[in-house]
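In: My questions concern the predicted model and sequence given below.
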Amino acid sequence: MPVLAMWSAPRCRSTAFARMMTERGDHTVVHEPFSRVVDFREVEVGDQVAHSEQDVLAALQSMATRQPVFFKDTTDFHYPALLADKSFLAAATHTFIIREPAEAIASHHALNQDLGRDEIGFAWLYEIFTAVQELTGTTPVVIDSDDLLDRPAATVQAYCAAVGIPFLPEALAWEPGMRSEWKLTSKWHKSTSETAGFTRGKSRGVEVVESDPVLRAYRDYHQPYYQKLHAVALRP
């Protein structure tokens, strides 16, 4: 089944990675179908409208009979139907992108002042990772988004080699702009819409989280999950 998935905690630069995948042109790219169906109760997946996790799973598999599919999604929600679908977990290629939690939390909190602990997403991200690992007997591909910004060509080349797709260096640059698939949740993708490639912006994430006892507690909860994923990340 030619479905390539990228799972990410929110604010871990997965939208930029998906923008690169769109630029490649060799996959149909689906933007956050699981989180959208939970959040908005429906989502377009190709030419189908899904109203549940089960519908999303069926639509992705249907699309993959016609062309290779890449989707990216975020773990600010929990996906029990995904976790229950052992055949999809085993058959699709599931990959993961991470970011230092303090940076991700600060970025998330700036857009959502009511941020709760669980929707930060590293624990739920690790749950999907371990489910795939246990079913397949192999360690899924993990990349650290700091590597993506510091060494974009080497990181993407290592990712492509690991998942068995060609490395297309020309896809590392793109035209800035808000994509139509981002408009429903545009505030979350504004920073990516202003980029033309993998670039690092200014951040005070560590200081922001360290100075706030609630955010600091959130970081302390999620840090071990990040560290487990970081320990197996590709080293470009």
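Out: That came through, no problem.
In: Over to stretch 206-219 now: how far is its first residue from its last?
Out: Terminal residues of stretch 206-219 lie 10 Å apart, using C-alpha to C-alpha, to the nearest Å.
In: And the contacts of that stretch?
Out: With contacts defined as C-beta atoms under 8 Å, 6 or more residues apart in numbering, stretch 206-219 is touched by 100-103, 105-106, 109, 115, 117, 120. All C-beta atoms are positioned from the backbone trio N, CA, C, and that covers glycine.
In: Strands along the chain, start to end?
Out: Ranges of strands in the chain, per DSSP state E, are 3-8, 28-31, 43-45, 48-50, 69-74, 93-98, 141-144.
In: Which of those sits closest to Leu135?
Out: Nearest of these to Leu135, taken as C-beta to C-beta: strand 93-98 at 9.7 Å.
In: Next, the angle strand 69-74 makes with the closest one.
Out: An angle of 40 degrees separates the directions of strand 93-98 and strand 69-74 when computed by axes from the mean of the first three to the mean of the last three C-alpha atoms, to 10 degrees.
In: What is the distance between strand 93-98 and the centre of its chain?
Out: 7 Å (C-alpha atoms, centre = their mean, to the nearest Å).
In: who does it touch, helix- and strand-wise?
Out: Here strand 93-98 touches strand 3-8, helix 122-136, strand 141-144, helix 145-150, helix 152-163, helix 213-230, going by 3 or more C-beta pairs under 8 Å, 6 or more residues apart in numbering; DSSP states H and E.
In: Only alpha carbons, please: show the third one as CSV.
Out: The one in question is strand 141-144. Output in CSV follows, covering the C-alpha atoms of strand 141-144 (Å, rounded to 0.1, in the frame of the first residue of the first chain):
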residue,chain,number,x,y,z
VAL,A,141,11.8,6.5,10.7
VAL,A,142,12.2,9.6,12.9
ILE,A,143,13.7,12.9,11.9
ASP,A,144,14.4,15.8,14.2
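In: Can you tell me which helices and strands it packs against?
Out: Applying 3+ C-beta pairs under 8 Å, 6+ apart, one finds that strand 141-144 makes contact with strand 93-98, helix 152-163, helix 213-230.
In: low-confidence ranges in the chain?
Out: 1, 178, 182-189, 193 (pLDDT under 70).
In: can you rerun that using 80?
Out: Along the chain, the parts satisfying pLDDT under 80 run over 1, 177-196, 201-205.
In: What's the PyMOL syntax to select whichever of the contacts of stretch 206-219 are buried?
Out: Here is the PyMOL command that picks out the buried ones among the contacts of stretch 206-219, judged by 16 or more other C-beta atoms under 10 Å:
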select buried, resi 100+101+102+103+105+106+109+115+120
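In: In JSON lines, list the strands of the chain along with mean neighbour count and distance to Pro152.
Out: Converted to JSON lines, the strands of the chain look like this (neighbours: other C-beta atoms under 10 Å; distance: least, C-beta to C-beta, whole Å):
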{"stretch": "strand 3-8", "mean neighbour count": "24", "distance to Pro152": "15"}
{"stretch": "strand 28-31", "mean neighbour count": "22", "distance to Pro152": "18"}
{"stretch": "strand 43-45", "mean neighbour count": "21", "distance to Pro152": "29"}
{"stretch": "strand 48-50", "mean neighbour count": "16", "distance to Pro152": "32"}
{"stretch": "strand 69-74", "mean neighbour count": "24", "distance to Pro152": "17"}
{"stretch": "strand 93-98", "mean neighbour count": "24", "distance to Pro152": "13"}
{"stretch": "strand 141-144", "mean neighbour count": "22", "distance to Pro152": "11"}
